[in-house]
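1. Mind folding the following:
(one chain, ligands or ions: 1)
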Amino acid sequence: MAANLSLLQLPSVPTHSLQSRIRAKKLKHTTTTFTYSTRPNGSSRYPTITCSYSNGQSPDSVDDGVKKVKRILEEKKRAELSARIASGEFTVEQSGFLSVLRNGLSKLGVPTELLDFLSKWNNVSEGQPKIPEAKGAMKAIGGQAFFIPLYELYLTYGGIFRLTFGPKSFLIVSDPSIAKHILRENSKAYSKGILAEILDFVMGKGLIPADGEIWRVRRRAIVPALHQKYVTAMISLFGQATERLCKKLDAAASDGEDVEMESFFSRLTLDIIGKAVFNYDFDSLTNDTGIVEAVYTVLREAEDRSVAPIPFWEIPIWKDISPRQRKVSAALKLINDTLDDLIAICKRMVEQEELQFHEEYMNEQDPSILHFLLASGDDVSSKQLRDDLMTMLIAGHETSAAVLTWTFYLLSTEPSVMSKLQNEVDSVLGDRFPTIDDMKKLKYATRVINESLRLYPQPPVLIRRSLEDDMLGGYPIKRGEDIFISVWNLHRCPDHWVEADKFNPERWPLDGPNPNEINQDFSYLPFGGGPRKCVGDMFASFETVVALSMLVRRFNFQIAVGAPPVEMTTGATIHTTEGLKMTVTRRTKPPIIPTLVTSVVKGDDSSPLKEPSPTMASSSMGILEADQQYDQQGQISPAHS
Ligand code: HEM
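-> The predicted structure is shown next:
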């Protein structure tokens, strides 16, 4: 069961290697041979992501040399696998006379077109069409993760195919209309499947893994908590947390020290989500407390379980004797105890307050989701409440951190995008903190995030299991099929996107609507789609735009000299293999002070959401505009449905 998810591992992957617009030879049924174009020089279509700013120095230590050799071997292995997929080695042949005949004719040099016609005829004559099938051996994929081979297989087998490993098989979906059918049109017929099994130890029946009635009830309770006023208040929180990161970077810039940005982004988003969900300040940017370590222990365990070949944690005595499992249990206990304390504190606050609960209810001292849920009289067991809080902590932490990490990586590859972005931020923000009003104005910054989410979707694959028989793309499927919707493939489909692998925020016009799954007809799914779409889409969009804007207006970022190439690996989201090491320098150009007014979230002096010394006066106009629905203006599409 756990082995299933090892398909989600990511190998080192290029950003610019998949540019050739190879036409997928769409197989309508199981086939024998297919054409495939490889590069004339026979080079791998999977070079590693190597940042142009890495100085390309020769290795100066044995360690570097070993890594380089390892990388070359990995590239070679990927090239070999690519060629093997192309050769049809993994294609499951049709059985029967026609298949034998086809193979024989193929060897005699009969043209492929004629053979295809023959196969089609065979399919029709057999009745139901069969999903194209590739058979893989774990050995073929070897130490490398499976994510990019999925792209390669998609180019060969088309928008839906079956991938079989020994007794297990998966349907890989990369076709927008099939994704739409699963996620929206017939969503009731699909559950979270393996994902729920893997995440059970940490999320229980929280909103991400939950299905059926539990999911319906919890979604109804939680979505209202992320109302417009709450998200508006969060903008100040994003600003304050990012300011703490700016201070760190300022110190590094003074000391001339390079920084590892991936870990900083992880800490930034942990600090934000802790406050936003249950009013807890992890303060992880400053301290490495026990609770921060506990959160990371649990997160890493969830990721490791998702790529483990066997579900070792299900072995009864294993969790008692394995030091690692004991550590995980202790970490979970610490987090659960902390959550219980926070729930108790919050309950007392709610009992004492006189505030009437209403649609946009928010306690200024504690605007957290937990506070909203308790004040709403949410009738729920403490275990369920903990599961939901834990789910949001995880869902809203690593995703946003990964988006920021890859955005900064992408910006380092395109200096012209960076300077356009800095110009916009200078003119919109000057040197004050961002407000809700600015979210409409930071159009280019939003496009940079949209484009980063296209190239590096978090998570890169959505997991489902069919609860009943269904038809997908004209093929019948059975109940109990495990399905991976490859968002990565959808977002990089060479038929749909011009220069699919290019980081080009300009592909989204500034005066056009904010791209989402609806206006892109499920070719673009950064926050999923249908009833299970992300509840934190607006939160996350504003969070990443605020952090991005505040950082680039203060600093320039470059890949550090001698830094390892930026390559991908994955757990639930896409991580770098060796971090994102950057040199941060203060911008010499003073920011332009704009003639803009700011809106301030109303709050008393003790409110943690008070604007920290904005340079401009607040404006009632800003507050009025903040109340407007963004989606009406095509800016943001919240999940509140
Ligand atoms: C850039 C950051 C984020 C990205 C890219 C992202 C992406 C996604 C995606 C793709 C899904 C759909 C999963 C599926 O269909 O299987 C999802 C679901 C979810 N997300 Fe997010 N998310 C982000 C931030 C957040 C934040 C900040 C929160 C909480 C405040 C959050 C809470 C959730 C929850 C609770 C679900 C499950 C919804 C349900 O099943 O009903 N996410 N997210």
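2. Lys275 belongs to a helix?
-> Yes. Assessed with DSSP: H, G, I helix; E, B strand; the rest coil, Lys275 lies in a helix.
3. which residue ranges form the strands in this protein?
-> Assigned by DSSP state E, the chain shows strands spanning 133-136, 160-165, 168-173, 190-191, 259-260, 461-466, 470-472, 475-477, 482-486, 555-559, 568-570, 574-576, 581-586.
4. ok, and which of the ones you listed has the densest surroundings?
-> Comparing the strands of the chain by mean neighbour count (mean count of other Cβ atoms under 10 Å), strand 482-486 comes out on top with a mean of 24. Backbone N, C-alpha and C define where each C-beta goes, glycine included.
5. ok, the residue nearest to Tyr456 when sequence neighbours are not counted - how many residues close by?
-> With sequence-adjacent residues excluded and distances taken as Cβ to Cβ, 6 or more residues apart in numbering, Tyr456 is closest to Trp406, at 3.9 Å. Neighbours of Trp406 under the rule other Cβ atoms under 10 Å: 27.
6. near the ligand, which residues of the stretch 201-350 of the chain?
-> Neighbours of the ligand within the stretch 201-350 of the chain, by Cβ under 6 Å from any ligand atom: Leu207, Ile208, Arg219.
7. hang on, the last one packs against Val535?
-> Yes. With contacts defined as Cβ atoms under 8 Å, Arg219 counts as touching Val535 at a distance of 7.4 Å.
8. list the residues that contact both of the two?
-> Leu207 (Cβ atoms under 8 Å, 6 or more residues apart in numbering).
9. So which of those two has more stuff around it?
-> A direct count of neighbours by other Cβ under 10 Å for Arg219 and Val535 places Val535 higher, at 23 against 16.
10. Stretch 189-200 and the ligand, are they touching?
-> No. Between stretch 189-200 and the ligand, judged by Cβ under 6 Å from any ligand atom, nothing touches; the nearest distance is 6.6 Å.
11. Any buried residues in that stretch, and which?
-> For stretch 189-200, the neighbour count (16 or more other Cβ atoms under 10 Å) marks Ala189, Tyr190, Ser191, Lys192, Gly193, Ile194, Leu195, Ala196, Glu197, Ile198, Leu199 as buried.
12. May I have the residues that are in contact with the closest residue in space to Leu355 that isn't next to it in sequence?
-> Excluding the flanking residues, the one nearest Leu355 by Cβ to Cβ, 6+ apart is Asn363, at 6.5 Å. Listed by Cβ under 8 Å, 6+ apart, the contact set of Asn363 reads Met349, Glu353, Leu355, His371, Ala375.
13. Now do Asn363 against the ligand, distance only.
-> Note on Asn363: its distance to the ligand, by Cβ to the nearest ligand atom, to the nearest Å, is 17 Å.
14. Likewise for Arg432?
-> In terms of Cβ to the nearest ligand atom, Arg432 sits 24 Å off from the ligand.
15. how about low-confidence regions in this protein?
-> For the chain, the stretches with pLDDT under 70 are 1-64, 66-67, 70-71, 73-74, 76-90, 92-127, 137-146, 307, 309, 589-641.
16. center of it, which residue is that?
-> Gln458 (0.7 Å; Cα atoms, centre = their mean).
17. thought it was touching Thr399?
-> Yes. In this structure Gln458 lies within contact range of Thr399 using Cβ under 8 Å: 4.6 Å.
18. For the ligand, what's the nearest residue on the protein?
-> Gly536 (2.4 Å; Cβ to the nearest ligand atom).
19. What sits closest to Gly530 if chain neighbours are left out?
-> Arg184 (3.5 Å).
20. The one you found against Leu525, yeah?
-> No. Between Arg184 and Leu525 no contact is recorded; they are 10.6 Å apart, counting by Cβ under 8 Å.
21. which of these two has more neighbours?
-> Neighbour tally, Arg184 and Leu525, criterion other Cβ under 10 Å: the higher count belongs to Leu525, 25 against 17.
22. Can you tell me how far the more buried one is from Pro460?
-> 11 Å (Cβ to Cβ, to the nearest Å).
23. Ok, Met392 next?
-> 21 Å.
24. quick one, helices of the stretch 201-350 of the chain?
-> Assigned by DSSP state H, counting those that start in this stretch, the helices in the stretch 201-350 of the chain fall at 212-222, 228-255, 261-278, 290-306, 318-321, 323-352.
25. no no, the stretch 451-600 of the chain
-> 487-491, 537-554.
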